[in-house]
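S.K.: When you get a sec, could you give me coordinates for this:
(one chain, ligands or ions: 2)
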Amino acid sequence: MRRPNDRLRRAKIVCVSAGRERQAEVFLSGATGRRTRIPFDAARLEERAQTVMSAEAFAYVAGGAGAEETMRANRRAFERVSIVPRTLRDVSRRDSSLELFGRRLPRPFLLAPIGVLELAHRDADVAAARAAASLGLPAIFSSQASRPMEEVAAAMGEAPRWFQLYWSTVDELVESFVARAERCGCEAIVITLDTTLLGWRARDLELGYLPFLRGRGLAQYTSDPVFQRLVRERGRTASAERPTLAALLTLLELRRNVRGLDPRAAVQTFTEIYSRSSLRWDDLVSIRDLTRLPIILKGILHPDDARRAVEAGFDGIVVSNHGGRQLDGAIATLHALPAIVEEVAGRVPVLLDSGIRTGGDALKALAFGATAVLVGRPYVYGLAVGGEAGAREVLQNLLAEFDLALGLSGCASLADVRDMKLTIPERSNPATTSYSDEGR
Ligand code: FNR
Ligand code: LAC
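M.R.: Ligands and ions are numbered 1, 2, ... in the order given. Reported below is the predicted structural model:
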């Protein structure tokens, strides 16, 4: 027999990301003296995460390249665009679901691929993917994950997942990663183009800390038969130098993190093969011989590259500057978006990330023509503060805020959002927006 609160519980699951329900849940908990440890404000969330993370881990996640100009520009771009809301448009029923690569998604949000999640929490990718799965948002497994994709896929039931690829110098490894991703039920491959060289990251350089050299973030590699063979072929590595205490400690850390392989040989092999900086368009199209999955290119900022991607038959684009971690001085993604959307002209979905912190940010990106957005650092901070539940809360809050932003701006659907006419302000020109009624 159904217990009386069964219906309530079911309703709660269905509505958990709707704005009003989430507000009610939080305020009701507050009334009974229960307050969440997860801050609702993105800056405070980052601060809270810093208190629970090691200095090295926090620097790695929070940091950007160079003077972090692009990281700030990403935020500034969102802050300087204003929404001019419309009233009295019946927003009592809001639907922001969409179809993306043949899958119905509840909201236009995905989890960005983020490497080395063990820096945030020991459950790492498993926790993040489960949080995403509980809300129906696709998780994008990183090439630099802390857990092998097979383990993560097994922990998330039928929920949607994609795989992000760094194109190795070894073709066989690329083939192996793609084949494994297919077997894991990944529904798309995202090729990240902006990291064929690692950006100049001042915070990490100051600490002399790169997680991969400590054997972290290598799980996709160390679990891969092709990679394992490459490491064995390379053979044992012995240093002739007398090791310092710090070097011995690093070696111990390495041994803990890389099991079943000579850890130093594994790290050296990884650094030699993980990325191909000679990559060109001709190389990229060869992925078509490996898979029939949709291929999405991440890290596009120039409209000419967007055109090239579409002409070459790729299936989607992620407008991204890698959260300002790669080329400092690169254009903010929101600024790059309109020209790319115009160039692509609806032929393939255009996603966006880098700087999404609030529901309003997502609304702005969609108004400028993005099909969906990728959430990055905020879910990592949620993971650091509260594990899987923390990551889920951060995502839930973002979805809830988005749902309210949708209604409060006078939109009931994503089509309404696309009809909003926002403009990127000139430096001297305060935000100006207008909102067309066409199509309603
Ligand atoms: C990333 N990002 C990233 N991208 C990718 O394609 N593969 C990866 O392995 C990683 N790893 C990674 C680690 C960390 C710690 C961060 C913060 C980011 C980039 C990520 O997918 C996304 O583009 C940015 O995180 C978006 O910027 P914001 O919104 O996080 O500032
Ligand atoms: C980073 C790499 C892993 O941004 O993409 O740290």
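S.K.: For burial, what's the neighbour tally of Ala77?
M.R.: If you count neighbours by other CB atoms under 10 Å, Ala77 ends up with 23. C-beta: built from backbone N, CA, C; applies to glycine.
S.K.: try Ser409
M.R.: Counted with other CB under 10 Å, the neighbours of Ser409 add up to 22.
S.K.: any idea how far the nearest residue to it once chain neighbours are set aside is from Asp416?
M.R.: Excluding the flanking residues, the one nearest Ser409 by CB to CB, 6 or more residues apart in numbering is Pro85, at 4.4 Å. Pro85 sits 12 Å away from Asp416, going by CB to CB, to the nearest Å.
S.K.: just to revisit the earlier point, the residue nearest to Ser409: what secondary structure?
M.R.: Secondary structure assignment for Pro85 (DSSP: H, G, I helix; E, B strand; the rest coil): coil.
S.K.: got the contact list for whichever residue of the stretch 201-350 of the chain sits closest to ligand 2?
M.R.: For the stretch 201-350 of the chain, the residue closest to ligand 2 is Arg325, as judged by CB to the nearest ligand atom, at 4.6 Å. Contacts for Arg325 were tallied using CB atoms under 8 Å, 6 or more residues apart in numbering; they are Gly63, Gly64, Ala65, Met71, Gly199, Arg201.
S.K.: at 7 Å instead, please
M.R.: Residues near Arg325 by CB atoms under 7 Å, 6 or more residues apart in numbering: Gly64, Ala65, Gly199, Arg201.
S.K.: Could I get the pLDDT score of the third one?
M.R.: Per-residue pLDDT puts Gly199 at 98.
S.K.: How about the first one?
M.R.: Gly64 is assigned a predicted lDDT (pLDDT) of 98.
S.K.: Could you tell me how far it is located from Asp41?
M.R.: 20 Å.
S.K.: Which of those two has more residues huddled nearby?
M.R.: Gly64 (23 against 12).
S.K.: All the helices of the stretch 151-300 of the chain, residue numbers only.
M.R.: 171-183, 202-207, 219-222, 225-234, 245-257, 263-273, 281-285 (DSSP state H, counting those that start in this stretch).
S.K.: Mind telling me which of these the model trusts least?
M.R.: Looking at those, the weakest mean confidence is helix 245-257, a mean of 90.
S.K.: Counting by contacts, list what that helix packs against.
M.R.: helix 263-273 (3 or more CB pairs under 7 Å, 6 or more residues apart in numbering; DSSP states H and E).
S.K.: Let me see the mean pLDDT of the host helix or strand of Gly360.
M.R.: Under the criterion of DSSP states H and E, Gly360 resides in helix 359-367. The pLDDT scores in helix 359-367 average 98.
S.K.: swap in stretch 89-100?
M.R.: On average, stretch 89-100 scores 97.
S.K.: Also stretch 124-131?
M.R.: 98.
S.K.: what's in contact with it?
M.R.: Counting by CB under 7 Å, 6+ apart, 111, 117-118, 121, 139, 141, 145-147, 151-152, 155-156, 161, 379, 383, 387-388, 391-392, 395 sit against stretch 124-131.
S.K.: List the buried residues in it.
M.R.: Ala124, Asp125, Val126, Ala127, Ala128, Ala129, Arg130, Ala131 (16 or more other CB atoms under 10 Å).
S.K.: Now do the next helix or strand after the helix holding Gly360: which elements does it pack against?
M.R.: Next helix or strand after helix 359-367 toward the C-terminus (DSSP H and E): strand 372-375. Applying 3+ CB pairs under 7 Å, 6+ apart, we find strand 372-375 packed against strand 109-111, strand 350-352.
S.K.: Send over strand 372-375 as PDB, restricted to the C-alpha atoms.
M.R.: Extracted as PDB, the C-alpha positions of strand 372-375 are listed here (Å, rounded to 0.1, in the frame of the first residue of the first chain):
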ATOM      1  CA  ALA A 372      22.900  24.800 -23.300                       C
ATOM      2  CA  VAL A 373      25.700  25.700 -20.800                       C
ATOM      3  CA  LEU A 374      28.300  23.700 -19.000                       C
ATOM      4  CA  VAL A 375      28.800  24.100 -15.300                       C
END
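S.K.: And the next helix or strand past that strand?
M.R.: helix 377-408.
S.K.: So what's the gap between whichever helix or strand comes after that following helix and the chain middle?
M.R.: Counting by DSSP H and E, the next helix or strand C-terminal to helix 377-408 is helix 414-419. Helix 414-419 sits 24 Å away from the centroid of its parent chain (CA atoms, centre = their mean, to the nearest Å).
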